[in-house]
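1. this one's structure only:
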Ligand SMILES: [Cu+2]
């Protein structure tokens, strides 16, 4: 009897978790994809967009001080659009494509999560609500977003820019790449003294030993 109660309690406890749909294999995983369920505020799908997103180190090359990036930093779709995402990881390390702020009744934790453990490709669909909103897209692995893997998805023009999107918005905390001249203080004084000494003594040697002899 106790065992049955325990099992029932366990099932009750686990069941909300099972709402989150998840596909997983040896190369990656997709969590909370939704290709059929319309958001409450959408009478129908307004447009279907095929979106290919690349993730990799090479896409960060054009951004000063960045290490990882998506090939694009912004996408624009209509309210109630369905997006068929093809996520491609060009690196040999893990990368994610996560969209945050989605309605919780369709996407548990308000999130769509695609992840590749290395080079590869994944597909997933989602349907967006009608609200004009800017959704955060990023890779949540430690330091990947801070190092550039951050983007935004605008629905109906969005509701502004998110901070720290490479080449789109100013960072919250700016990295400083200016040269610290104070480290050169003593070094430069020594160099200046040496150069002056060489010039002065050189002139003196030339004057006294060669030119003035005759
Ligand atoms: Cu990453």
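-> That came through fine. All values reported here derive from a predicted model rather than from experimental measurement.

2. only C-alpha atoms from now on, for both contacts and neighbour counts.
-> Will do.

3. below-threshold pLDDT in this protein: ranges please.
-> Judged by pLDDT under 70, the chain has its weakly predicted residues at 1-20, 213-214.

4. tell me the residue of it that sits nearest the ion?
-> Minimum separation of the chain from the ion (CA to the ion) falls at residue 95, amounting to 3.4 Å.

5. residue 38 against residue 44, yeah?
-> Yes - under the criterion of CA atoms under 8 Å, residue 38 makes contact with residue 44 at 7.1 Å.

6. what about the two, which has more around it?
-> Taking neighbours as other CA atoms under 10 Å, residue 38 and residue 44 compare with residue 38 leading, 19 against 12.

7. which residues touch the more buried one?
-> Listed by CA atoms under 8 Å, 6 or more residues apart in numbering, the contact set of residue 38 reads 44, 45, 127.

8. mind running it again at 10 Å?
-> If you count contacts by CA atoms under 10 Å, 6 or more residues apart in numbering, residue 38 has them with 44, 45, 80, 81, 82, 106, 126, 127, 128, 129.

9. need the nearest residue in space to the residue nearest the centre of the chain, chain neighbours excluded.
-> The geometric centre of the chain, computed from its C-alpha atoms, lies nearest to residue 149 (CA atoms, centre = their mean), at 1.5 Å. Distances taken as CA to CA, 6 or more residues apart in numbering place residue 69 nearest to residue 149, at 4.0 Å, with adjacent residues excluded.

10. what sits up against the longest helix anywhere in the chain?
-> When the chain is parsed with DSSP state H, its longest helix is helix 185-205. For helix 185-205, contacts defined as CA under 10 Å, 6+ apart pick out 181, 182, 184, 207, 210, 211.
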